[in-house]
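Asks: could you look at this predicted model? Sequence included:
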Amino acid sequence: MSIIYFEDFSVGDKTVFGEKKVTREEILKFAHKYDPQSFHVDENAANESIYGGLIASGWHTGGMLMRMMVDNMVNQRAGLGSPGFDDLRWILPVRPDDVLRFESTVIEARKSSSRPDMGIIRAQIYLFNQNDEKVLSVKTIGMMKTRPA
């Protein structure tokens, strides 16, 4: 497997992959540990909430996105991490038995002005459920090594 460097990216490049099935058990486990709001940890309370049933924490959804990225692309790239992201939105709740898929489009690719061995890739990322509904939207900022001379 060859490593993908900054120079291998162009604005408009699209990456699509999936599928990640979400389980009731992982929703409950994550929520009990990190986001114990009633609609994430108590099925009876969740049924009575505005969501009408158990939903994953938005932070859990973000964690699943990150895992999908690592499993499908990060380890194949000359990545240097990320200084953060912009415009994170949890658009629709993620529920038990949802099947998530990932779509990313490069919206900017530029060389670093201060580090010639690095480029910056910005991407618009969406997660979709099995009904092709957007459940998450985020703009990422990735730092990438440039190809060695």
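Replies: Received the coordinates, thanks. Numbering: from 1, shown residues only.

Asks: from residue 11, how far off is residue 17?
Replies: 20 Å (Cβ to Cβ, to the nearest Å). In this view, the C-beta of every residue, glycine as well, is placed from N, C-alpha and C.

Asks: ranges for the strands of the chain?
Replies: 14-21, 84-90, 99-111, 118-128, 134-145 (DSSP state E).

Asks: in CSV: those, plus mean pLDDT, distance to residue 71 and mean neighbour count.
Replies: Putting those into CSV (pLDDT from 0 to 100; distance: least, Cβ to Cβ, whole Å; neighbours: other Cβ atoms under 10 Å) gives the following:
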stretch, mean pLDDT, distance to residue 71, mean neighbour count
strand 14-21, 93, 9, 13
strand 84-90, 97, 19, 13
strand 99-111, 97, 10, 16
strand 118-128, 98, 14, 20
strand 134-145, 97, 16, 18
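
Asks: ok, and what's touching the longest helix seen in the chain?
Replies: Counting by DSSP state H, the longest helix found in the chain is helix 58-72. Residues outside helix 58-72 that contact it (Cβ atoms under 8 Å, 6 or more residues apart in numbering): 15, 17-18, 20, 22, 26-27, 30-31, 34-35, 40, 56, 88, 90, 94, 100, 102, 125, 127, 135-136, 138.

Asks: switch to 6 Å and redo it
Replies: For helix 58-72, contacts defined as Cβ atoms under 6 Å, 6 or more residues apart in numbering pick out 17, 20, 30, 35, 90, 94, 102, 127, 136.

Asks: show me the contacts for residue 11.
Replies: Taking Cβ under 6 Å, 6+ apart as the test, what residue 11 contacts is 106, 109.

Asks: please begin residue numbering at 12 from this point
Replies: That works, and once the first residue is 12, the last one we named lands at residue 22.

Asks: if anything else comes up later, I'll come back, but that's it for now.
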